[in-house]
Each structure stands twice: as C-alpha cells, then as structure tokens.
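A.B. asks: Sequence first, predicted coordinates after that:
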Amino acid sequence: MVEVVGSRSLLRAQELAAAAGALEAVEGYQAVLERDLDCVYIPLPNSEHRPWTLAALARGRHVLCEKPLALSEAEALEMAAAASASGRVLGEAVMYRYHPRWALVRKIVSAGELGEVRLISGNFSFTLRPGVDYRWDPTLGGGALYDVGSYLVNAARWLAGREPTQVKSLAVLARGVDLAASISLCFPSQPGAGECLAALACGFDAAESEWITIEGTQGAVRLERPFTAWHTEALPVVRRLGARGSEELAVPATNPYTEMVRAFHAAVATGQPLLTTAVDGAANLAVLDRCRKSWGLPVSPR
C-alpha cells in the first residue's frame, strides 16, 4: 500500500497520490521521511538520488531508487555502504530485469542454446524536444547515457555475466550534456566462455529505436522494445538457431514495475536476493564513469 506521496508542489503531490491510491499527499520530500514508513521509492532527477537515499537510510527506511543509482560509482558505493551499515535494503529500480521476457532470454543464454555469446548489440534512441526537462540539465544528471544508455550497458553486463575490461566511447555533446553516444565494451574470456563484445548506441536526436540482439556461436536472439514493453501487449522473443530456422517464443504481457516492487517487498520481508542491487548499480556506473571521462565530462556533474 502507498501511504504517502511527496512533491515540491502540494498540488502535484495530490495528483500523484490520487493516481496511486495513496492515503496522504505532502509538500516536500523531507515531510515524507518524517512519516512512519517502512520503505520509500525515489524517482527524482538523477542528481537527487544520492542525497535523498542517504537521508532515507539515515531515518531507517528501506529504499528503492530509480536508475542510475547515482551520478558516479563512488557515490553509489557510498550509498551501498550506508545501506549495509543501517541494515536496510537498497535496490536500484532497473525494472526491465523483472520482465518474464528477460527471464526467458537469460535461460536461453545460460543453457548454452546460443553457444558462446560473442556479440551483444543494441540501440535505445528517441527524439527529446528542447524544453524544460531535467535531461537537458547537466547539473541534474542529464544526458542520453544516464537516461537510456545506462539500460544498454546494464543489459550487456547482465547478459555477459561479467564486467568489461575495455570501454571505448564517443559522444555528440550539446547544451552541456551528451546528445548521442556510442559505447563499445569488451568482456574478457573466462572458463567456458570466450571474449564477448558489445556495440551499443543511444541518443536524444534520432527516431525512436529500441532493440537488443545477442549473437552466439550457435544462434542469436533479438528483442524489440527490450526495456519499455511494460504496458499490455505481449511481445515475442525471436530466436534464430541456425539450421533450425527461427521461431517466436510467446511471453505474456507483464508490467515489470509491478514485478520489481514484489521482488523488493520480498527482499525486505524475507531477505530474498534482488536482481538489481546497489552493488550492481555501482558496477554499471563504473562503466558510465569511463565513458564520461573519455568525453571530457566530469564524472559527477554537480
């Protein structure tokens, strides 16, 4: 149950509370923390994730924080340490991992049905019109990498099952943020798996495009709308397996936000491991840090 919703504007808080069926609306985020709550969800602009997560943990609240968890690996590790010290759960709201399509894809990959994964490629782009939007503000953690590129990096790391040793990136910068970026990752060989490359692209300046392809030595999988298929439609997973041709594996329509909240509740209530931990969020930011550094942008743009 949603107990209370807070916003900088009381009217906005009331609107959100009505939509969520919350019992109370309050003005200001501090007012939320002063209520008797078990958990808080932080969907604020990226620059506000760290301060309000630390404030909530200090008040003894479990926290589910939007992605990216912070603006740098160092900030995320600080937040993870604070959660550990307080004995509270801190999860990153990377909702796509909780969709059953991704459970199926992970099963296909881990079962070796594609052979050894050699290439993960993907794109997540759309046109963001100029206007009042925190994603255009560098001080608020704007830019395409934090907004949509982080999903691609997250998915590549999750599919590869290890961290990249090489990170190369190029970006088009405008208005102090990255308008578009390409990201190349190299995941090292390990027992049972050779080197794997990732070729990723994201942007605010292109027509809508969202897909991921996983190519292995024996087959490939392609997902359309891998991160935003959370409305009512059931999207197929297309699996191509060489001589066996291609087939569509049906997956029921699911709202991954709902599944994520259920998993977070289980983590709080029973200690069930989360798919999206703060430590994993920090590892994702380590890659984003390397991209930003290569562009000459500050790692934590405050």
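C.D. replies: Arrived safely, thanks for sending.
A.B. asks: Kindly provide the distance from the most centrally placed residue in the chain to Trp102.
C.D. replies: By C-alpha atoms, centre = their mean, the chain has its centre lying nearest to Val94, at 3.6 Å. Applying C-beta to C-beta, to the nearest Å, the value for Val94 to Trp102 is 10 Å. Placement of C-beta: from N, CA and C, glycine included.
A.B. asks: So which residues of the chain form strands?
C.D. replies: Secondary structure of the chain (DSSP state E): strands at 4-7, 24-27, 39-42, 62-66, 90-93, 117-127, 166-174, 177-187, 196-203, 205-216, 220-224, 237-240, 246-249.
A.B. asks: what about Cys186, how many residues close to it?
C.D. replies: For Cys186, the neighbour count with other C-beta atoms under 10 Å is 14.
A.B. asks: Might you report the residue contacts of the residue nearest to the centre of the chain?
C.D. replies: By C-beta atoms under 8 Å, 6 or more residues apart in numbering, Val94 lies in contact with 67, 151, 154, 275-276, 281.
A.B. asks: per-residue confidence for it?
C.D. replies: Looking at Val94, its pLDDT is 98.
A.B. asks: residue contacts, the residue nearest to Thr228 when sequence neighbours are not counted?
C.D. replies: Excluding its sequence neighbours, the residue lying closest to Thr228 (C-beta to C-beta, 6 or more residues apart in numbering) is Glu210, at 6.4 Å. Residues in contact with Glu210 (C-beta under 8 Å, 6+ apart) are 123-126, 224-228.
A.B. asks: Derive a PyMOL selection command for the buried subset of those.
C.D. replies: Only the buried entries of the contacts of Glu210 go into this PyMOL selection, using 16 or more other C-beta atoms under 10 Å:
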select buried, resi 123+124+125+126+225+226+227+228
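A.B. asks: could you dump the contacts of Glu210 to TSV with distance to Gly141?
C.D. replies: What follows is these, written out as TSV (distance: C-beta to C-beta, whole Å):
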residue	distance to Gly141
Asn123	22
Phe124	17
Ser125	19
Phe126	18
Glu224	28
Arg225	24
Pro226	23
Phe227	18
Thr228	20
